[in-house]
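> coordinates only, sequence not included:
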C-alpha cells in the first residue's frame with residue numbers, strides 16, 4: 001500500500017460515514033471520520049464565540065482539541081473533556097462546519113491533524129477532500145454519491161429515529177445549501193479525485209455497497 005490509507009469521499013447523506021465504519025470493522029483498520037472533526041470545531045466555536053467568531057479563528061483553533069472514543073458506529077467525540085456526539089447533527093453545527101471548512105487556516109490545522117493519524121498505521125479516512133487534498137497518494141480512493149432526494153430522506157429518517165421533529169422538506173433544503181457550499185467553495189471543493197472509484201448508492205443497500213468497496217480494495221491491493 002502506498003500510504004496505507006483508503007479514502008471515502010462524498011456529499012452528506014451518501015452513506016460514507018456508515019460505510020467507513022463497517023469497512024473498518026470488516027478489514028480491522030482504524031477509521032477517521034474527518035467530518036466530525038469539523039463539526040466538533042463548529043460546536044466549539046458556537047459555544048465559545050457565537051458573535052464575531054471569524055475574528056477569533058486562530059485563538060479558537062489554538063484552544064481546540066478533539067479525541068475519539070470507541071462506540072457503536074462513529075464512537076464518541078470528546079472536546080474539552082466532554083462527549084459532544086449528541087450535538088453534532090444540529091443543523092446549525094452542520095452549516096457552520098461547512099462555513100469553517102472554507103477558511104484556509106482551519107483546513108490547514110485539520111489537514112495536519114488528519115495526516116498525523118495516518119502515521120499511526122493503516123487508516124480509512126472519510127470526508128470530503130480525503131482523496132484530493134489530504135491523502136492524494138492513498139492506496140484506494142472512493143467517491144460515494146446518491147440522488148439528493150434519497151440523501152435527504154436518509155438524513156430525515158436518521159433524525160426521526162433519534163426522536164427529532166423535523167420536516168423532510170427542511171432537511172432537503174438544508175442539504176441543498178450544504179451541497180452548494182461544499183461544491184462551490186474555493187478551497188478544496190467537493191469533487192471526486194481523478195483516480196477515485198465512483199459508487200452511486202442511490203438504489204443500493206448498505207451491505208451491497210460494502211461488498212463493492214471490498215471487491216475494489218481486494219483487486220487494487222492484490223499483489
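Structure's in. What do you need? Note that the coordinates shown come from a computational prediction; the quantities given were computed from them, not determined experimentally.
> thought residue 127 was touching residue 11?
No. Counting by CB atoms under 8 Å, residue 127 stays clear of residue 11, with 11.1 Å between them. Heads up, the C-betas are built off the backbone N, CA and C, glycines and all.
> neighbour count winner among the two?
Set residue 127 next to residue 11 and count neighbours by other CB atoms under 10 Å: residue 127 wins out with 29 against 19.
> Return the set of residues that bridge with that one.
Residue 127 has these beta-bridge partners by DSSP bridges: residue 9.
> ok, now which ones touch it?
7, 8, 9, 16, 33, 34, 35, 114, 134 (CB atoms under 8 Å, 6 or more residues apart in numbering).
> Reformat these as TSV; add distance to residue 151.
Formatted as TSV, those follow (distance: CB to CB, whole Å):
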residue	distance to residue 151
7	19
8	15
9	14
16	11
33	17
34	18
35	14
114	24
134	23
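> Please flag which of the residues you listed sit within strands.
Taking DSSP state E, the ones among the contacts of residue 127 that sit in strands are 7, 8, 9, 33.
> Return the residues in contact with the first one.
It refers to residue 7. 124-127, 130-131, 134-135, 138, 140-142, 193, 196.
> what's the closest of the residues you listed to residue 49?
Of all the contacts of residue 7, residue 127 has the smallest distance to residue 49: 24.6 Å, by CB to CB.
> Name the helix or strand for residue 198, please.
Assigned by DSSP states H and E, residue 198 belongs to strand 197-200.
> Using neighbour counts, pick out the buried residues of stretch 102-121.
Buried positions in stretch 102-121, judged by neighbour count with 16 or more other CB atoms under 10 Å: 102, 106, 107, 109, 110, 111, 114, 117, 118.
> Could I get the pLDDT score of the fourth one?
Note on residue 109: pLDDT of 91.
> And residue 223, by the same measure?
According to the prediction, residue 223 has pLDDT 43.
> how far is the lowest-mean-pLDDT helix or strand in the chain from where the chain is centred?
The weakest-scoring helix or strand in the chain, judged by mean pLDDT, DSSP states H and E, is strand 67-69 (a mean of 79). From the chain centre to the centre of strand 67-69 is a distance of 15 Å (CA atoms, centre = their mean, to the nearest Å).
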